[in-house]
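Asker: How does the following fold in three dimensions:
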Amino acid sequence: MLTNLTPTPCIVADSVAMRYRVPSTEVTEDNRYPHMKFLRLLNPLPNTVTVNALNEISLVVNRGESVGVIGRNGSGKSTLMQLISGQIRPTSGAIHASSTPIMLGVNAALVPELSGDQNVVLGCLAMGLSHEEIADRFDEIVEVSGLEKSIHLPMKSYSSGMGSRLRFAIAACANPEILLVDEALNTGDAQFAARSKKRMDELRSEAGCVLLVSHSLDTIRQMTTRTIWLDKGDFIMDGPSKDVTKAYTAFTKHLSKGNNISAAKLRAEAQSSLPMVNLLKTTGSAG
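Answerer: As a prediction, the model looks like this:
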């Protein structure tokens with residue numbers, strides 16, 4: 001008997017772009033009057049300029065995938081995650097998702113004065129879990145976080161790594177179909193890395209998908225099978241995590257040595273290999 005192996009999309013980004021209009025103190029007057037620039041800085045009358053946070057991008061993430069998102073600061077990684085999560089609306093294009101994405105970031109709102117276990121309840125309630133569901137999953141959340149007895153201490157006494165582990169454990173144990181993780185797994189804890197990878201694999205096996213933003217290429221390689229590379233708002237590369245992180249590493253090494261021309265060539269070569277996304281066949285499958 002033949003099995004239907006057609007991928008089912010969880011997320012579809014259809015020609016999505018994000019632009020902002022922001023004030024700028026840049027002076028456009030004639031350079032023959034440099035004192036005017038100084039006077040404008042003392043009493044600025046800001047111009048308004050357009051910032052392209054994310055240039056047009058089309059992307060499909062299927063059920064069962066774990067996708068890494070990499071790039072230099074200011075490349076549009078967090079903007080993409082905010083668009084997918086629905087925190088902001090795109091300037092153009094559209095995002096389609098099969099269910100409500102759960103966004104996890106290092107700044108996820110929990111209450112520092114409350115203990116870890118109290119924040120577990122608070123975080124789970126905020127995600128719509130019932131008291132019964134929280135009770136059923138409480139021990140699992142504590143186990144994934146690895147906090148042990150520290151779960152009873154105020155969150156304000158936690159290190160940043162401990163707080164990140166707790167936020168991940170809360171979000172992941174809510175069994176989201178779509179989990180977005182923004183710089184929350186770089187804790188340097190090998191045991192937690194193993195637990196979080198196991199939990200992400202379970203989510204994917206339950207027909208979910210995970211998007212992970214991280215500056216740690218080791219984390220990307222360990223946690224994901226596919227990676228997309230963004231740079232200055234442009235979509236550069238999409239492919240197996242091993243291949244994309246290798247290309248990105250070569251690119252950043254050239255930049256660090258001041259070889260900007262070589263870096264630009266590598267960037268162009270990577271971008272030329274981007275696969276074409278046929279959205280006509282996929283947008284009807286995601287809600």
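Asker: Could you list the low-pLDDT ranges of the protein?
Answerer: 1-5, 25-46, 105-109, 183-189, 207, 277-287 (pLDDT under 70).
Asker: these two touch, right, Arg21 and Asn52?
Answerer: No: look at Arg21 against Asn52 with CB atoms under 8 Å: they stay out of range, at 11.1 Å. Using the backbone N, CA and C atoms, a C-beta is placed for each residue, glycine as well.
Asker: And these two? Which one has more around it.
Answerer: Per other CB atoms under 10 Å, whichever of Arg21 and Asn52 has more neighbours is Asn52, with 15 against 10.
Asker: Look up phi and psi at Leu211.
Answerer: Note on Leu211: its backbone torsions stand at phi -110, psi 130 [degrees, to the nearest 10].
Asker: how about the residue lying closest to Gly76 once chain neighbours are set aside, what does it touch?
Answerer: Computed as CB to CB, 6 or more residues apart in numbering, the closest residue to Gly76 that is not its neighbour in sequence is Leu54, at 4.0 Å. Under the criterion of CB atoms under 8 Å, 6 or more residues apart in numbering, the contact partners of Leu54 comprise Val16, Ala17, Met18, Gly76, Thr79, Leu80, Leu83, Pro90, Leu230, Gly233.
Asker: pretty sure Leu54 belongs to a helix, no?
Answerer: No: read with DSSP: H, G, I helix; E, B strand; the rest coil, Leu54 is strand and lies in no helix.
Asker: who does it bridge with?
Answerer: Beta bridges link Leu54 to Met18 when assigned by DSSP bridges.
Asker: Give me the distance between it and Arg167.
Answerer: 25 Å (CB to CB, to the nearest Å).
Asker: about what we covered before: of all pairs in the contacts of Leu54, which one spans the longest distance?
Answerer: Pro90 and Leu230 (14.9 Å; CB to CB).
Asker: Quick check: buried residues in stretch 138-147?
Answerer: Phe138, Ile141, Val142, Val144, Ser145, Gly146, Leu147 (16 or more other CB atoms under 10 Å).
Asker: ok, and what's touching that stretch?
Answerer: 116-117, 120, 124, 148, 151, 162, 165-166, 168-170, 172-173, 189, 191-192, 195-196, 199.
Asker: Now, of these, which are buried?
Answerer: 116-117, 120, 124, 151, 162, 165-166, 168-170, 172-173, 189, 192, 195-196, 199.
Asker: Where helices are concerned, which of the residues you listed count?
Answerer: Residues from the buried ones among the contacts of stretch 138-147 lying in helices, with DSSP state H as the criterion: 116-117, 120, 124, 162, 165-166, 168-170, 172, 192, 195-196, 199.
Asker: Just give me the closest of the residues you listed to Ala97.
Answerer: Nearest to Ala97 among those, with distances taken as CB to CB, is Ala172, at 17.8 Å.
Asker: Identify the residues contacting the closest one.
Answerer: Leu104, Val144, Leu179, Ser196, Arg199, Met200, Leu203.
Asker: Go through those and name the one nearest Pro240.
Answerer: Here the nearest of these to Pro240, counting by CB to CB, is Met200; it sits at 17.0 Å.
Asker: which strands and helices sit next to the strand or helix carrying Lys253?
Answerer: In the assignment (DSSP states H and E), Lys253 maps to helix 241-256. Using 3 or more CB pairs under 8 Å, 6 or more residues apart in numbering; DSSP states H and E as the contact test, the elements touching helix 241-256 are strand 66-70, helix 217-223, strand 226-231, strand 234-240, helix 260-272.
Asker: CSV please, covering these and showing mean neighbour count.
Answerer: Formatted as CSV, the helices and strands packed on helix 241-256 follow (neighbours: other CB atoms under 10 Å):
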stretch, mean neighbour count
strand 66-70, 25
helix 217-223, 19
strand 226-231, 23
strand 234-240, 20
helix 260-272, 14
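Asker: got the ones you listed as TSV, with distance to Leu129 columns?
Answerer: What follows is those, written out as TSV (distance: least, CB to CB, whole Å):
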stretch	distance to Leu129
strand 66-70	23
helix 217-223	24
strand 226-231	29
strand 234-240	34
helix 260-272	41
